[in-house]
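K.L.:
Sequence and predicted structure, then a few things I'm wondering about:
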Amino acid sequence: MTARDSAPRRRLAFAGTWYSGDPVRLAQEVDAWVADAPAIPGTRAIVAPHAGLRYSGHVAARAYAALGPAPRSAVILVGPSHHVAFPGCAVFPRGSVDSPWQPHPVAVDLVTALTSCSNLITCAGADVHTQEHSLEMQLPFLARVQPAVPVVFILMGRQSRGVSFALGDAIARSIAGRDVALVASSDLSHYHDAVTARRMDQRVLDALDARSPDALMAVLEEDPQHACGGGPMVAVLRAVTRSGPVNGGVLAYADSGDATGDKSAVVGYAAAAFGGVA
């Protein structure tokens with residue numbers, strides 16, 4: 001076995017359940033969604049949901065369409081850990097991340113830079129990453145818009161102010177001078193009726209439109225149920241605004257009831273994009 005063969009590989013766990021396991025059919029679905037939304041020149045960071053594609057795929061596509069096909073040197077993806085608890089942030093260390101098509105190599109230089117910035121950011125392998133959907137659900141879109149781009153997979157355990165801001169600061173330092181795109185993976189409120197969900201979600205949407213990590217963090221500290229990936233959104237928004245004000249905001253909003261017809265207990269989804277100089 002060669003060193004390349006033995007390198008860590010994050011394999012797909014949700015193909016055929018949360019999204020189509022047929023790569024041809026999946027490509028057709030994703031490409032159609034992305035083609036229906038505009039690219040936004042200068043986009044440096046996006047927010048996208050991580051539910052099954054039948055519920056949120058059309059929303060996620062708005063964010064990835066904004067990111068556009070211009071090649072980036074790497075993409076850093078930040079999502080919440082739903083199943084494994086840990087105090088800081090866990091980064092997939094090296095090797096590759098499978099997509100439904102070509103794999104994405106891990107951007108090891110960025111992993112090294114990030115872990116050297118803060119002791120809250122550590123490397124973790126399959127025990128943390130294998131069964132987590134929040135980042136895998138980004139891959140059907142990322143792999144079509146930015147094929148085989150090097151990636152950094154970061155899962156957040158504790159989504160506190162300290163961890164979120166430390167990660168945002170570390171990302172900002174690590175990507176300075178490089179054309180690296182950022183992705184925050186988050187759904188919004190869970191299992192409220194659609195009217196209540198929209199009222200709760202609007203506070204998150206307003207903070208995203210204000211491009212304010214502090215305002216978003218304040219909403220989440222008041223009630224973490226506003227978003228399951230609030231920490232990732234705060235971290236990415238803080239990273240992209242560290243060098244000064246940026247343009248951008250919310251691109252789309254929907255809830256799961258739009259797909260199911262059941263508005264009694266929904267999950268909210270948003271797409272947002274940020275970049276340029278305000």
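P.N.:
Perfect, I can see it now. Numbering: from 1, shown residues only.

K.L.:
What values do phi and psi take at Gly230?
P.N.:
phi -60, psi -40 (degrees, to the nearest 10).

K.L.:
could you measure it against Arg25, distance?
P.N.:
Distance of Gly230 to Arg25, computed by CB to CB, to the nearest Å: 33 Å. To be clear about C-beta, it is placed using only N, CA and C from the backbone, and glycine gets the same treatment.

K.L.:
Looking at those two now, which is surrounded by more residues?
P.N.:
Using other CB atoms under 10 Å, the more surrounded residue of Gly230 and Arg25 is Gly230, with 26 against 11.

K.L.:
Show the model's pLDDT score for the more buried one.
P.N.:
Looking at Gly230, its pLDDT reads 95.

K.L.:
Please enumerate the strands of the stretch 1-150 of the chain.
P.N.:
Under the criterion DSSP state E, counting those that start in this stretch, strands of the stretch 1-150 of the chain are mapped to 9-10, 43-48, 74-80, 89-91, 96-97, 104-105, 121-123.

K.L.:
of these, which approaches Ala218 most closely?
P.N.:
Of all these, strand 43-48 sits nearest to Ala218, with 17.3 Å by CB to CB.

K.L.:
Tell me the bridge partners for Ala271.
P.N.:
Ala252 (DSSP bridges).

K.L.:
Can you show me the helices along the stretch 101-250 of the chain?
P.N.:
For the stretch 101-250 of the chain, the helices defined by DSSP state H, counting those that start in this stretch cover 108-117, 126-129, 133-136, 139-145, 161-175, 194-209, 213-222, 230-241.

K.L.:
What residues of the first one count as buried?
P.N.:
Of the residues in helix 108-117, those buried by neighbour count under the rule 16 or more other CB atoms under 10 Å are Leu110, Val111, Ala113, Leu114, Thr115, Cys117.

K.L.:
thought the fourth one was touching Ser174?
P.N.:
Yes - when contacts are counted by CB atoms under 8 Å, Leu114 is listed as touching Ser174 (5.1 Å).

K.L.:
now, of the strands of the stretch 1-150 of the chain, which is deepest in the fold?
P.N.:
When you average the neighbours per residue for each of those (mean count of other CB atoms under 10 Å), strand 43-48 leads with a mean of 28.

K.L.:
Can you spell out which helices and strands pack onto it?
P.N.:
Contacts defined by 3 or more CB pairs under 8 Å, 6 or more residues apart in numbering; DSSP states H and E place strand 43-48 against helix 53-67, strand 180-185, helix 230-241, strand 266-275.

K.L.:
Name every strand pairing with the second one and say which way it goes.
P.N.:
Each strand that strand 180-185 pairs with, and the sense of that pairing, follows from DSSP bridges: strand 43-48 (parallel), strand 74-80 (parallel).

K.L.:
Output the ones you listed as CSV; include the columns distance to Ser96.
P.N.:
Formatted as CSV, the strands paired with strand 180-185 follow (distance: least, CB to CB, whole Å):
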stretch, distance to Ser96
strand 43-48, 21
strand 74-80, 13
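
K.L.:
looking at these, which is closest to Asp36?
P.N.:
strand 43-48 (15.3 Å).

K.L.:
Below-threshold pLDDT in the stretch 151-278 of the chain: ranges please.
P.N.:
Applying pLDDT under 70 to the stretch 151-278 of the chain flags the ranges 277-278.

K.L.:
hang on, the earlier thing: I'd like to know which of the strands paired with strand 180-185 is closest to Ser185.
P.N.:
It is, among these and with distance given as CB to CB, strand 74-80, at 3.6 Å.

K.L.:
what mean pLDDT does the closest one have?
P.N.:
In the prediction, strand 74-80 has an average pLDDT of 97.

K.L.:
end to end, how far does stretch 248-264 reach?
P.N.:
Taking CA to CA, to the nearest Å, stretch 248-264 runs 32 Å from one end to the other.

K.L.:
now the helices and strands packed on strand 43-48 in CSV, with distance to Asp206?
P.N.:
As requested, the helices and strands packed on strand 43-48 are exported to CSV (distance: least, CB to CB, whole Å):
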stretch, distance to Asp206
helix 53-67, 18
strand 180-185, 17
helix 230-241, 13
strand 266-275, 11
